[in-house]
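Peer 1: quick one, what's the 3D model for this:
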Amino acid sequence: MTFTRATDGRSLSFTGAHGDLARRTLSADAAVGDEAPQPVDLSTYELDMTNVTVTMPSLSSPGSVVAKPFDTMLTQDGAAVFSRAYGASPVPTGSSLATVAARVDVVPALG
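Peer 2: Numbers count the residues shown, from 1 in each chain. Next up is the predicted model:
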């Protein structure tokens with residue numbers, strides 16, 4: 001995902017985004033303009049497990065883990081990369097950066 005400011009063409013690109021459920025972080029490789037991408041923990045989140053549904057896989061169908069929409073909070077490192085790109089962060093550190101939902105399909109192991 002790339003954000004480009006129309007007034008001056010400055011850009012910030014995110015690739016390789018992934019979530020770490022154990023650490024409660026959303027991370028990506030961030031590149032300001034033509035710089036090489038660097039890993040950054042963009043946001044953190046709290047996850048209310050009552051909003052997560054787990055369906056176990058069977059031989060006839062995959063299982064899944066589905067999380068209803070939840071807010072992510074901008075980290076200090078996430079704010080810093082936005083500030084490097086644009087001079088300021090879109091929201092203050094600790095404020096909601098995005099609302100996301102998640103779904104992971106689980107396929108049974110064959111063996």
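
Peer 1: leaving out sequence neighbours, find the closest residue to residue 39.
Peer 2: Distances taken as CB to CB, 6 or more residues apart in numbering place residue 29 nearest to residue 39, at 5.6 Å, with adjacent residues excluded. All C-beta atoms are positioned from the backbone trio N, CA, C, and that covers glycine.

Peer 1: how near is residue 43 to residue 107?
Peer 2: 28 Å (CB to CB, to the nearest Å).

Peer 1: about what we covered before: what about the residue nearest to residue 39, distance to residue 8?
Peer 2: Distance from residue 29 to residue 8, counting by CB to CB: 23 Å.

Peer 1: which one of the two is surrounded by more residues?
Peer 2: Neighbours per residue, other CB atoms under 10 Å: of residue 29 and residue 8, the larger number sits with residue 29, 15 against 8.

Peer 1: pull out the buried residues from the helix or strand containing the more buried one.
Peer 2: Assigned by DSSP states H and E, residue 29 belongs to strand 25-32. Going by neighbour count (16 or more other CB atoms under 10 Å), the buried part of strand 25-32 is 25-28, 30-32.

Peer 1: which of those residues sits closest to residue 55?
Peer 2: Comparing those against residue 55 with CB to CB places residue 26 closest, at 23.4 Å.

Peer 1: the closest one touches residue 40, doesn't it?
Peer 2: No: assessed by CB atoms under 8 Å, residue 26 is found out of contact with residue 40, at 10.0 Å.

Peer 1: so where is this protein shaky, pLDDT-wise?
Peer 2: By pLDDT under 70, the weakly predicted segments of the chain are 109-111.

Peer 1: which stretches of it form strands?
Peer 2: In the chain, the strands defined using DSSP state E lie at 2-4, 11-20, 25-32, 38-44, 52-55, 63-74, 96-106.
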